[in-house]
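*Asks:* sequence and predicted model, in that order:
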Amino acid sequence: MNRSPDRLNLDHLKKQAKELIRLYRSRDPAAMARFRRALPAASGRGDEDIAALQLRLHDAQSCIAREHGLASWPDLKRYVEVRMAARNERTARVLHWAQLTYSGDVSGVANRANPRVALRILADDTELVAGDPYLACAIGDENALRQATQADPGWVNRAGGPLRLPPLFAVTHSSLLRVEEFRERLHRSAQLLIAAGADVNQHIHSRWPPGSLNEPDQRYPLSALYGAAGSNHAPALTRLLLDAGADPNDGESLYHSLEDPACTRLLLEHGARIAESNAIYRAIDLEDDTAIKLLLQHGGDPNEPARNAPLTDWGSPLAWAIYRRRPRHVKALLDAGADLSRSTPEGLTPYRLALQFGLTDVAALLRAQIDAPDISDEERFVAACARGDEKEARAVALRRPDLPASLSPPQLRLLPDMAAAGADDIVRLMVRLGWPIAVRGGDWDASALNLAVFNGNAALTRFLLEHGAKWTEQHGHGDNACGTLGWASCNEPVEGGDWVGCARALLDHGMPHATAIADDPEWVLIAGKRKQFSDEVTEELLAERA
């Protein structure tokens, strides 16, 4: 196999993967050996054990990617695309490399930073960043930075390079900070630049679309601190910048730091303001309750008003925590003084909201602190469904045969909300009890079917279709379940999702097969519309089964 980067071709690689999986299915010993050498799941196994794994096309793609020294098929695709786009011109190669090294709000592209591919390209072309001190910032080349500073002390505060970045900003936003071998050298580079007089509050404005490299979005300034604390989650570098005088109230750092509480703690200790940052609500989105406790300990308001949708649909951090099904966050908010009487815009108190979402322990916690009101049959029915109590739900429905059809729109949204939460058993119960199956809800106004497809939940997708769901059901982004399948299969938002299984279920229940587009193999036609899917899903959609 010729692994020369100059000979790689994406179409050929796709054909190789299809041939490899074909040989695997025929029990070809050489194919088994390739999987054993390259695929972690097959390492050390005999041929029969590897055959029993029932590997699929994406496993063959992963195998080929690893044979080429990359961790995944998406990495290999990105690598080949960059190599092909910038093969002949150094300026283009440098720009594409920089766009791999920096996130989209800095680089002006929709793709996220990919330090693995950036390093592979650098390994292929070791002289790629030579001679440019701004690119030296990206890799933490201290000698190059020292020489540039000695030659022109003022350069440390001038933007430059392919992405027009100030030097300290270029260091703190480099995604190579996530790579252990580069972390210390980038930290030392930041120290060198600060000592040489770099403004610790260097910033640019976002280039994320609709902004661009040539026309940044002036509404969203991005600081050097945001790179360290919010983008790369680097506590040591965050401390260095804050101790040198970086402003913790830059509008981005606190909100984006929450996934690394060490960075959050540093920002708070240096005076970061919590009010109006949306950090309280963002912390509730995280399963770990460390961040919300940190914010509350440092004066965060447990009753902070919501500032934008969909948060405004719930009205308070306590309601949002109940909606997000976060019992520990609820307790932290209550301990900090959350208002138990504050209702949602639809008039639901936290207690009634907890019942609606089947959070029995949370409802009991709230009930112990209030005079528990009587609840209606509608609320009793919804609460029984939400906690999976079929006996109670059917008992209520027996005396109220108009349920669930007569429930209010907020109550009916429980079906997609539970689908979004992955509560499959509850979704199945609700459907069996006659819940309107196409009702829309969740964070992106989607039906339960769209949410199941998004999660790659093939079993729930098939169940919903068997009980009346339609592939044409729309969602809030203006498409249907076919579009959901396309986006999710390409981006894999949930680890281990079975989007091929979702495709089979949709095809079995009325979604048309795809038609190839002769001059554009990356796209297909379904019901007359151009769609893009993962290679494996595309193969399934194109296959006409007997």
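*Replies:* Here it is on my side, so go on. Residues are numbered from 1 along each chain as shown.
*Asks:* and the pLDDT at Pro209?
*Replies:* In the predicted model, Pro209 carries a pLDDT score of 88.
*Asks:* and the helices in the stretch 351-500 of the chain?
*Replies:* Assigned by DSSP state H, counting those that start in this stretch, the stretch 351-500 of the chain shows helices spanning 360-367, 377-386, 390-399, 409-412, 414-420, 424-432, 448-454, 458-466, 481-491, 499-508.
*Asks:* repeat for the stretch 151-300 of the chain
*Replies:* Using DSSP H, counting those that start in this stretch, the helices assigned to the stretch 151-300 of the chain run over residues 167-172, 180-195, 224-225, 235-243, 253-257, 261-269, 279-285, 290-297.
*Asks:* from the ones you listed, which stretch is densest packed?
*Replies:* Comparing the helices of the stretch 151-300 of the chain by mean neighbour count (mean count of other Cβ atoms under 10 Å), helix 224-225 ranks first with a mean of 32. Heads up, the C-betas are built off the backbone N, CA and C, glycines and all.
*Asks:* give the other helices and strands that that helix contacts.
*Replies:* Helix 224-225 is packed against helix 167-172, helix 235-243, with contacts defined by 3 or more Cβ pairs under 8 Å, 6 or more residues apart in numbering; DSSP states H and E.
*Asks:* could I get those helices in CSV, plus columns for mean pLDDT?
*Replies:* Listed next are the helices and strands packed on helix 224-225 as CSV, based on pLDDT from 0 to 100:
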stretch, mean pLDDT
helix 167-172, 98
helix 235-243, 98
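*Asks:* Trp523 is nearest to which of these?
*Replies:* Closest to Trp523 of the helices and strands packed on helix 224-225 is helix 167-172 (Cβ to Cβ; 36.1 Å).
*Asks:* my read: Gly486 touches Thr538, true?
*Replies:* No: in this structure Gly486 lies outside contact range of Thr538 using Cβ atoms under 8 Å: 9.4 Å.
*Asks:* least trustworthy helix or strand in the protein by mean pLDDT?
*Replies:* Sorting the helices and strands of the chain by mean pLDDT, DSSP states H and E puts helix 73-85 at the bottom, at a mean of 88.
*Asks:* so what's the residue count around the residue nearest to Gln411 when sequence neighbours are not counted?
*Replies:* Among residues not flanking Gln411 along the chain, Val382 sits closest, at 5.2 Å (Cβ to Cβ, 6 or more residues apart in numbering). Other residues lying near Val382 total 28 when counted by other Cβ atoms under 10 Å.
*Asks:* report pLDDT for Val382.
*Replies:* With respect to pLDDT, Val382 scores 94.
*Asks:* okay but it is in contact with Arg413, surely?
*Replies:* No: judged on Cβ under 8 Å, Val382 makes no contact with Arg413 at a distance of 10.5 Å.
*Asks:* thinking again about what came up before, export the helices of the stretch 351-500 of the chain to TSV and append columns for distance to Ala98.
*Replies:* Compiled in TSV, these are given as follows (distance: least, Cβ to Cβ, whole Å):
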stretch	distance to Ala98
helix 360-367	48
helix 377-386	49
helix 390-399	57
helix 409-412	47
helix 414-420	37
helix 424-432	44
helix 448-454	32
helix 458-466	39
helix 481-491	23
helix 499-508	32
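*Asks:* closest to Ser26 out of those?
*Replies:* With Cβ to Cβ as the measure, helix 499-508 is the member of the helices of the stretch 351-500 of the chain nearest Ser26 (20.2 Å).
*Asks:* got the buried residues for the closest one?
*Replies:* For helix 499-508, burial by neighbour count (16 or more other Cβ atoms under 10 Å) applies to 499-507.
*Asks:* cool, stretch 223-230 as well?
*Replies:* For stretch 223-230, by 16+ other Cβ under 10 Å, it's 223-230.
*Asks:* need those in JSON lines (columns: pLDDT and distance to Ala275).
*Replies:* Listed next are the buried residues of stretch 223-230 as JSON lines, based on pLDDT from 0 to 100; distance: Cβ to Cβ, whole Å:
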{"residue": "Ser223", "pLDDT": "98", "distance to Ala275": "19"}
{"residue": "Ala224", "pLDDT": "98", "distance to Ala275": "24"}
{"residue": "Leu225", "pLDDT": "98", "distance to Ala275": "19"}
{"residue": "Tyr226", "pLDDT": "98", "distance to Ala275": "19"}
{"residue": "Gly227", "pLDDT": "98", "distance to Ala275": "24"}
{"residue": "Ala228", "pLDDT": "98", "distance to Ala275": "23"}
{"residue": "Ala229", "pLDDT": "98", "distance to Ala275": "18"}
{"residue": "Gly230", "pLDDT": "96", "distance to Ala275": "18"}
